[in-house]
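Asker: need a structure here:
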Amino acid sequence: GGYAAIPLIQSQVVEQHGWLTMQEFTDLVTIAEMTPGPIAVNAATFVGLRIAQVSGAIVATLGCITPALFFVSLLSYIYRRYKNISLLQSVLACLRPVIVALIFGAGLSILSMVAFGGDAKTLAHLDWVGIGSFAAAFFALRKLKWNPILTMCLCGVAGLGLHGLLGI
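Answerer: Numbers count the residues shown, from 1 in each chain. Okay, the predicted model is just below:
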């Protein structure tokens, strides 16, 4: 899925090619998450637009969609045909923890950027107000047994609100 692709996108766009800074990349992930559609396609469109305007956005989007369309169609055919074979089930069972680790790594990378703001990674540089407001809102809403996704969205809004009110 798209979340598992975030470290790969970051590696290519930020570290290898230098098309975006880490701050711009976190903005890209935020925008790609908020807009409808898959995160990888939205990210490709955003980067293509940034590098070569509308033509770059079109080429980047097609470049992201076309190989995936081909491979997903092929994998779908293979899975439907051989889904009862134990070897295939074993391979899929081994891939699950890898995907979780990729998503966790992407989350830590973005959390590091948000929490430390690109500064030296020490406790003195943490955005304690942002982290505290997020944690307080999270635990308060979880105590009310709200939907976890709604809880995360409301925590984000609470953090942005406090950030804007306090001007930090």
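
Asker: rest of the way, CA atoms for contacts and neighbours
Answerer: Will do.

Asker: Would you map the helices across this protein?
Answerer: For the chain, helices defined by DSSP state H occupy the ranges 2-10, 22-34, 39-82, 86-116, 128-143, 148-166.

Asker: so what pLDDT did F71 get?
Answerer: pLDDT recorded at F71 is 91.

Asker: For it, the count of nearby residues, please.
Answerer: 11 (other C-alpha atoms under 10 Å).

Asker: next one: the one 5 residues further on
Answerer: Neighbourhood size, S76 [other C-alpha under 10 Å]: 13.

Asker: who touches the residue nearest to V13 when sequence neighbours are not counted in this structure?
Answerer: With sequence-adjacent residues excluded and distances taken as C-alpha to C-alpha, 6 or more residues apart in numbering, V13 is closest to W19, at 5.4 Å. By C-alpha atoms under 8 Å, 6 or more residues apart in numbering, the residues touching W19 are V13, V47, I51.

Asker: And W19, how close does it get to I51?
Answerer: Applying C-alpha to C-alpha, to the nearest Å, the value for W19 to I51 is 7 Å.

Asker: And A32, by the same measure?
Answerer: Distance from A32 to I51, by C-alpha to C-alpha: 16 Å.

Asker: More neighbours: those two, which one.
Answerer: More crowded of A32 and I51, by other C-alpha under 10 Å: A32, with 20 against 15.

Asker: Tell me the spatial nearest neighbour of Y82, not counting adjacent residues.
Answerer: Per C-alpha to C-alpha, 6+ apart, closest to Y82 is L88, 7.4 Å.

Asker: okay, now that neighbour: neighbour count?
Answerer: Using other C-alpha under 10 Å, L88 has 14 neighbouring residues.

Asker: quick one: it and R81 touch, right?
Answerer: No. Using C-alpha atoms under 8 Å, L88 makes no contact with R81, being 10.9 Å away.

Asker: burial count for V29?
Answerer: V29 - counted by other C-alpha under 10 Å - has 20 other residues nearby.

Asker: Any regions of this structure where pLDDT drops low?
Answerer: Along the chain, the parts satisfying pLDDT under 70 run over 1-2, 106-131, 133-134, 137-138, 141-142, 144-168.

Asker: ok, now with 80
Answerer: The chain contains residues with pLDDT under 80 at 1-5, 88, 92, 96-168.

Asker: got the phi/psi numbers for P38?
Answerer: When read as degrees, to the nearest 10, the backbone of P38 gives phi -60, psi 140.
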